[in-house]
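> Structural data only, the sequence is not supplied:
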């Protein structure tokens, strides 16, 4: 038997659980570190330790928006013998060739276009799109309706807020978003963003730099 766990009973976890159930076709449940209830929306909720002790093949998807927190959860579950599972809505659109790493969560009406390369544990929330020739690093989060035009490179662990728009880059001069950057909701990004910078506005400007997470 294979058991699929969606880690996190917050809003995003509850939104993707029906997709996970339809796509996986086996036993599905929630896993939550801060265990307060045994069920959520009719699904079992287990602690991380109880999930890892199950005598079954264990797969998981991590519905945690914060990239650094998501990475920590993935590493902990993987070290306990579970393996990542991608949750992909049947209403998402893919235009090959493209590649997407393990553990992705791709919501309804997301469009991923040709020659896009995406790393591990990517989140693309509803109505986001990624145009041709983009490169997306590991643990990147797209909130709803992110507009990522062609030839944009986004570094590991970046968080992109709802409705953000990235200007078109080029093959010789892609638009580069640094690792760990945060792009605020509704921002229009026309220039490169340094690593760990918080930017927002139209056009987006650096507001401050984020502290390193130890």
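Thanks, I have it. All of these numbers come straight from a predicted model, not from anything done at the bench.
> What segments of the chain are helices?
Listed in chain order, the helices of the chain (DSSP state H) span residues 11-24, 48-52, 67-79.
> Give the buried residues for the first one.
Going by neighbour count (16 or more other C-beta atoms under 10 Å), the buried part of helix 11-24 is 12, 13, 14, 15, 16, 17, 19, 20, 21, 23, 24. The way it works is simple: take the backbone N, C-alpha and C, and place the C-beta from them, glycine included.
> cool, the shortest one as well?
Within helix 48-52, the residues that qualify as buried by neighbour count (16+ other C-beta under 10 Å) are 48, 51, 52.
> rewinding a little: so which of the buried residues of helix 11-24 comes closest to residue 108?
Looking at the buried residues of helix 11-24 and their distance to residue 108, the nearest is residue 19, at 7.8 Å (C-beta to C-beta).
> so what's that closest one up against?
87, 88, 89, 90, 107, 108 (C-beta atoms under 8 Å, 6 or more residues apart in numbering).
> so residue 181 sits right up against residue 200, yeah?
No. Because the distance of 11.1 Å does not satisfy C-beta atoms under 8 Å, residue 181 is recorded as not touching residue 200.
> For the two, indicate the residue with more neighbours.
For the pair residue 181 and residue 200, the greater number of neighbours falls to residue 181 (26 against 18), based on other C-beta atoms under 10 Å.
> So for this protein, which residue is the most central one in space?
Among the residues of the chain, residue 123 comes closest to the average C-alpha position under C-alpha atoms, centre = their mean, at 1.8 Å.
> which residue sits farthest out from the middle of the chain?
residue 55 (28.3 Å).
> who wins for most neighbours among the contacts of residue 19?
residue 87 (24 neighbours).
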